[in-house]
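1. with the sequence up front, the predicted model follows.
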Amino acid sequence: MAGDFDRFVGPLDPAALIVTAAVEGERSGCLVGFQAQCSIDPPLLAVWVSHANHTHGVAARATHLGVHVLSDDERELAELFGGTTGDEVDKFERCRWTPGAFDVPLLDDCPRRGVFEVAARHDVGGDHDLFVLAPVDITTGSTGDTALRIGAMDIEPGHPVPPE
């Protein structure tokens, strides 16, 4: 069944996002492949964060998250935030970043980014939790950039992947 499901959803190929969080001096961030706009009015974004990610524990305690839409030029950030784990590496020591509103870490080299309030969290019964996010402060950067797609990358995850 897993193989059939992978072939079914494969053509959907979502945009690659990096989600960042900070709580009580602890920072974390991860590459996210599950995301969608989930409301027009009010505008809401849904992202799903893996239980296996260090970021999950920080995001679960955060009131606000940073969301970064990666372009084709930002593959190095995708590799850093998708191919290493915050359990072993301080990813923020390896990139340029600035504290945004609510001290959310914002990646300087990713101009399409924003700070979002966590409107709701849901354990959906799988290996990811759903975070429903309301925009607080958004920077769109260059509107002509094409979003980097998850399927266009070959990154070995920095955290364990559940067996099929």
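-> Perfect, thanks for sending it. Numbering: from 1, shown residues only.
2. look up how far residue 64 lies from residue 44.
-> 14 Å (Cβ to Cβ, to the nearest Å). C-beta here means a position set from N, CA and C on the backbone, and glycine is covered the same way.
3. pLDDT at residue 90, what is it?
-> At residue 90, the model reports a pLDDT of 93.
4. where's residue 75, which helix or strand?
-> Residue 75 is located in helix 75-83, with elements delineated by DSSP states H and E.
5. just the helices in the protein please.
-> According to DSSP state H, the chain carries its helices in the segments 2-9, 54-59, 75-83.
6. which among these is found nearest to residue 119?
-> helix 54-59 (13.2 Å; Cβ to Cβ).
7. what's the closest one packed up against?
-> Packing contacts for helix 54-59, counted by 3 or more Cβ pairs under 8 Å, 6 or more residues apart in numbering; DSSP states H and E, involve strand 17-23, strand 26-32, strand 44-50.
8. which one, of those, ends up nearest to residue 125?
-> Nearest to residue 125, of all the helices and strands packed on helix 54-59, is strand 44-50, at 11.8 Å by Cβ to Cβ.
9. the closest one - which strands sit beside it in the sheet, and in what orientation?
-> Sheet pairing of strand 44-50 (DSSP bridges) gives strand 35-39 (antiparallel), strand 128-139 (antiparallel).
10. kind regards, and thank you for your time.
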